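S.K.: missing the sequence, but the structure's below:
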Ligand SMILES: [Zn+2]
């Protein structure tokens with residue numbers, strides 16, 4: 001975003017709503033809702049008066065309230081505790097965690113719809129989390145080579161190297177010069193088809209660097225259903241891009 005010059009900042013109470021008003025060198029009135037804080041922010045051109053702002057916000061009240069109500073309805077992501085009975089996603093299925101304490105090195109075993117976590121007694125939550133994280137990484141490291149090998153001849157490209165790491169905003173990245181691809185650790189929680197979509201997406205970057213029309217033509221050619229896979233992957237997630 002370009003740097004906007006801020007002239008003044010004030011707060012108005014409009015029908016019980018706290019509204020932060022910023023006068024800036026912008027052309028239009030912009031309104032933003034922060035549902036968690038039940039706060040509204042508007043940025044407006046300098047010449048707009050407080051009463052004009054109030055009229056503007058009041059005209060948007062139904063929309064603002066709807067937005068805030070939607071936020072409340074959304075279930076909050078509960079931090080995992082890594083205890084027996086808790087559900088953990090593995091390859092698109094929710095498995096029930098079963099914690100088994102043993103005096104042996106930790107390991108994980110999928111048994112039907114159970115995810116068995118063998119750990120030493122008194123292993124804390126953080127350590128349990130890291131055991132599971134490393135297991136997700138191992139799952140991906142086992143699965144990804146087959147997919148790369150499957151797609152290399154079809155696409156006539158070569159992947160030199162891949163890695164798995166947690167990324168906040170992306171499912172995958174591709175370094176074209178090094179022909180090295182990074183995959184998001186979270187992909188082990190998704191259906192295998194969604195991992196394959198990311199593999200194909202990143203490998204298409206070896207043919208076309210940009211998300212251009214040419215890029216999407218390749219996607220459609222190799223994976224005609226890519227769009228619905230992409231929507232499914234991005235659906236309920238904070239991670240939005242490849
Ligand atoms: Zn991309």
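M.R.: Ah, there it is. Keep in mind that what you see is a predicted model, and the values were worked out from it rather than measured.
S.K.: Now do the helices for the protein: every range, in order, please.
M.R.: Secondary structure of the chain (DSSP state H): helices at 50-59, 61-73, 125-155, 192-204, 213-222, 226-234.
S.K.: Can I get the ones you listed in CSV including mean pLDDT and distance to residue 106?
M.R.: C-beta: built from backbone N, CA, C; applies to glycine. Converted to CSV, the helices of the chain look like this (pLDDT from 0 to 100; distance: least, CB to CB, whole Å):
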stretch, mean pLDDT, distance to residue 106
helix 50-59, 91, 55
helix 61-73, 82, 38
helix 125-155, 97, 5
helix 192-204, 97, 25
helix 213-222, 97, 39
helix 226-234, 92, 30
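S.K.: a markdown table please, covering these and showing mean neighbour count and distance to residue 79.
M.R.: A markdown table is the format used below for these (neighbours: other CB atoms under 10 Å; distance: least, CB to CB, whole Å):
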| stretch | mean neighbour count | distance to residue 79 |
| --- | --- | --- |
| helix 50-59 | 14 | 35 |
| helix 61-73 | 12 | 19 |
| helix 125-155 | 15 | 9 |
| helix 192-204 | 22 | 24 |
| helix 213-222 | 14 | 35 |
| helix 226-234 | 16 | 22 |
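S.K.: okay if I get those helices as CSV plus distance to residue 164?
M.R.: Converted to CSV, the helices of the chain look like this (distance: least, CB to CB, whole Å):
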stretch, distance to residue 164
helix 50-59, 46
helix 61-73, 33
helix 125-155, 5
helix 192-204, 11
helix 213-222, 22
helix 226-234, 16
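S.K.: Out of those, the one nearest residue 24 is which?
M.R.: Evaluated over these, closeness to residue 24 peaks at helix 50-59, with 12.9 Å, by CB to CB.
S.K.: neighbouring contacts of the closest one?
M.R.: 10, 12, 14-15, 17, 19, 21, 29, 31, 40, 42, 44, 64 (CB atoms under 8 Å, 6 or more residues apart in numbering).
S.K.: Please apply the same query to stretch 35-49.
M.R.: Stretch 35-49 is contacted by residues 4, 7-8, 17-34, 53, 56-57, 64, 67-68, 70-72 when judged by CB under 8 Å, 6+ apart.
S.K.: Now the buried members of these.
M.R.: 17, 19, 21-24, 26, 31, 33, 53, 56-57, 64, 68 (16 or more other CB atoms under 10 Å).
S.K.: So which of those is the closest to residue 230?
M.R.: Among the buried ones among the contacts of stretch 35-49, and counting by CB to CB, the member closest to residue 230 is residue 33, at 26.8 Å.
S.K.: excluding its backbone neighbours, what's nearest the closest one?
M.R.: Distance criterion CB to CB, 6 or more residues apart in numbering; nearest residue to residue 33, sequence neighbours excluded, is residue 67 at 4.9 Å.
S.K.: Please tell me how far the one you found sits from residue 17.
M.R.: 12 Å (CB to CB, to the nearest Å).
S.K.: Common neighbours of the two, please.
M.R.: Residues touching both residue 67 and residue 17 by CB under 8 Å, 6+ apart: none at all.
S.K.: returning to what we had before: quick check, the residue nearest to residue 33 in contact with residue 31.
M.R.: No: the criterion here is CB atoms under 8 Å, and residue 67 misses it with residue 31 at 10.2 Å.
S.K.: quick one, domains of this protein?
M.R.: 6-73, 87-133, 135-234 (automatic domain parsing).
S.K.: can you redo those domains as JSON lines with distance to residue 80?
M.R.: Below are those laid out as JSON lines (distance: least, CB to CB, whole Å):
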{"stretch": "domain 6-73", "distance to residue 80": "21"}
{"stretch": "domain 87-133", "distance to residue 80": "7"}
{"stretch": "domain 135-234", "distance to residue 80": "12"}
